[in-house]
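Colleague: below: sequence and its predicted model.
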Amino acid sequence: MRSTRTRLIAASVVALSAVTLSACSTDASGTTDSSTSSDLAIGSTDLAAAGCPANVVIQTDWNPEAEHGHLYELLGDDYTIDASNKLVSGPLMSKGEYTGVNVEIRAGGPAIGFQSVSSQMYTDTDITLGYVVSDEAMQVSDSLPTTAVFAPLDKSPLMVMWDPATYPDAETIPDVVAEGAIVRYFDGYTYMEYLKSTGVIPAEQVDGGYDGTPASFVAAAGKDAQQGFASAEPYIYQNEVSSWGKPVKYQLIHDLGYQPYISAMAVRSGELEDLSPCLTALVPVLQQAEVDYYADPAAANSLILDLVDQYDTGWVYTQGVADYSVKTQLELGLASNGDNDTVGDFDTDRVGDLLTKVAPIFDKLGTPVKSGLTVDDLVTNEFIDTSIGLDK
């Protein structure tokens with residue numbers, strides 16, 4: 001049976017409380033030949049002149065997937081895949097033009113021993129930007145402080161799903177819980193601590209034994225609910241899990257008022273000032289890459305599928321899932337401009353609301369947020385170009 005996703009994004013937060021592509025080359029060094037980059041004319045955006053590192057290193061939180069498509073849009077046709085180190089690198093491109101620096105995109109999850117990205121960023125200071133979910137940034141704000149500068153996803157895809165045949169009247173997570181369903185989740189996710197503490201899901205109706213495979217959900221024959229990603233599992237369970245093979249219904253955790261920015265691109269807080277000239281030029285490039293990806297995701301998704309095959313971590317990802325993911329991200333507003341016309345910016349009131357909600361949880365877990373922590377410590381819209389947004 002194929003293995004579905006086991007995301008260790010928010011999960012790693014609470015864990016801390018207890019402790020044509022075939023032409024592209026593969027090179028063990030994981031870096032693009034500098035002579036290739038120097039042969040390219042720099043276009044309208046010169047990141048080298050803006051003070052960016054010659055190699056902009058980006059650490060993701062999982063294997064390559066469509067939710068990361070905006071990053072792979074930064075690569076043109078000339079890149080190097082380092083399968084042994086689970087990374088791809090090449091000239092950093094924007095709207096088809098070279099920006100004067102290279103980009104290196106690293107896989108997370110199994111590729112970094114399931115460490116949190118925050119921890120990896122402080123272990124390996126070559127990393128320029130990393131995917132850090134908001135509640136993780138809050139919990140480790142004292143020991144591993146990061147400041148997010150760009151939010152590729154406006155809403156988290158995290159959801160709870162159930163069998164609509166077993167619970168035909170259930171429209172929401174509280175509905176299915178009221179009918180007696182046990183909610184299976186990956187032990188350690190902060191959202192579940194919040195939902196239990198607020199009584200949305202009684203503690204006696206949760207099961208932290210989700211292992212990322214469909215086995216328990218299938219064995220329960222529709223009786224249990226289970227966490228997943230709205231941009232993946234509904235397609236996977238209906239089309240790729242033969243022992244299930246039918247639709248599921250779901251609700252986003254976001255809709256219950258727990259609203260972190262997942263995969264927010266962050267820097268180490270102590271380096272924010274020094275990186276500011278670079279980020280002023282780079283963040284709009286990241287925004288534009290997101291716009292370009294969702295306008296035409298085919299090339300980046302082809303690269304993602306190739307990387308999954310070459311990295312060979314046991315992660316299974318198909319064209320069908322990638323196509324479904326892009327469609328669903330847009331339909332559900334997971335990738336969106338939010339409440340304005342700008343992609344990638346943060347709603348600071350929302351971040352403040354989350355901080356208010358999680359601070360007592362982390363106090364109880366013995367990993368309190370940094371004394372005096374503010375929203376401005378956690379996120380900034382300073383580098384966002386407000387004129388760049390997804391097409392309506």
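Modeller: Nice, I can see it.
Colleague: what is the neighbour count of the nearest residue to residue 96 once chain neighbours are set aside?
Modeller: Leaving aside its chain neighbours, residue 96 sits nearest to residue 76 (7.3 Å; criterion: CB to CB, 6 or more residues apart in numbering). C-beta here means a position set from N, CA and C on the backbone, and glycine is covered the same way. Neighbour count for residue 76, taken as other CB atoms under 10 Å: 16.
Colleague: and the one 5 residues further on, by the same measure?
Modeller: A count of nearby residues for residue 81, using other CB under 10 Å, gives 22.
Colleague: element containing it?
Modeller: strand 80-82 (DSSP states H and E).
Colleague: one more: residue 149?
Modeller: Short version, using DSSP H and E: residue 149 is in strand 146-150.
Colleague: can you list the helices and strands that that strand packs against?
Modeller: strand 129-132, helix 134-139, strand 264-268, helix 272-295, helix 375-378 (3 or more CB pairs under 8 Å, 6 or more residues apart in numbering; DSSP states H and E).
Colleague: next SSE downstream of the strand holding residue 81?
Modeller: For strand 80-82, the following helix or strand on the C-terminal side (DSSP H and E) is strand 87-94.
Colleague: now the angle from that following strand to helix 272-295?
Modeller: Strand 87-94 runs at 90 degrees relative to helix 272-295, counting by axes from the mean of the first three to the mean of the last three CA atoms, to 10 degrees.
Colleague: what is strand 87-94 packed up against?
Modeller: strand 80-82, strand 97-106, helix 272-295.
Colleague: strands paired with the strand holding residue 81, and their directions?
Modeller: Within its sheet, and counting by DSSP bridges, strand 80-82 is paired with strand 25-26 (parallel), strand 87-94 (antiparallel).
Colleague: can you add distance to residue 313 and mean neighbour count and give those strands back as CSV?
Modeller: Formatted as CSV, the strands paired with strand 80-82 follow (distance: least, CB to CB, whole Å; neighbours: other CB atoms under 10 Å):
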stretch, distance to residue 313, mean neighbour count
strand 25-26, 16, 12
strand 87-94, 13, 24
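Colleague: residue 259 contacts residue 153, doesn't it?
Modeller: No: applying CB atoms under 8 Å, one finds residue 259 not in contact with residue 153, separated by 11.3 Å.
Colleague: OK, contacts around the residue nearest to residue 96?
Modeller: With contact set as CB atoms under 8 Å, 6 or more residues apart in numbering, residue 76 has these partners: 90, 91, 93, 96, 98.
Colleague: which residue is the nearest non-sequential neighbour of the first one?
Modeller: What it means is residue 90. In space, residue 90 is closest to residue 79, 3.1 Å off (CB to CB, 6+ apart).
Colleague: what do you get for residue 201?
Modeller: Residue 201's closest residue in space is residue 195 (CB to CB, 6+ apart), at 4.7 Å.
Colleague: cool, residue 48 as well?
Modeller: Nearest to residue 48 is residue 100, by CB to CB, 6+ apart, at 3.5 Å.
Colleague: just residue 92 next, same as before
Modeller: residue 103 (3.9 Å).
Colleague: out of the strands paired with strand 80-82, nearest to residue 266?
Modeller: Of all those, strand 87-94 sits nearest to residue 266, with 18.4 Å by CB to CB.
Colleague: so that closest one versus strand 97-106, what angle?
Modeller: Using the same axes, to 10 degrees: strand 87-94 against strand 97-106 is 160 degrees.
Colleague: avg pLDDT for strand 87-94?
Modeller: Across strand 87-94, the average pLDDT comes to 98.
Colleague: pretty sure residue 355 is touching residue 369, no?
Modeller: Yes: using CB under 8 Å, residue 355 is in contact with residue 369, at 7.1 Å.
Colleague: list residues touching both of the two?
Modeller: residue 138.
Colleague: spatially nearest residue to the most centrally placed residue in the chain (excluding sequence neighbours)?
Modeller: When CA atoms, centre = their mean is applied to the chain, the residue found nearest the centroid is residue 263 (3.4 Å). Leaving aside its sequence neighbours, residue 263 sits nearest to residue 131 (CB to CB, 6+ apart; 4.2 Å).
Colleague: contacts only, for the one you found.
Modeller: 9, 59, 60, 61, 108, 117, 263, 264, 265, 266.
Colleague: relative to residue 246, how far out is the second one?
Modeller: Which is residue 59. Distance of residue 59 to residue 246, given as CB to CB, to the nearest Å: 37 Å.
Colleague: out of the two, which sits in the busier spot?
Modeller: Legend: neighbour count by other CB under 10 Å for residue 59 and residue 246, higher for residue 59 (27 against 12).
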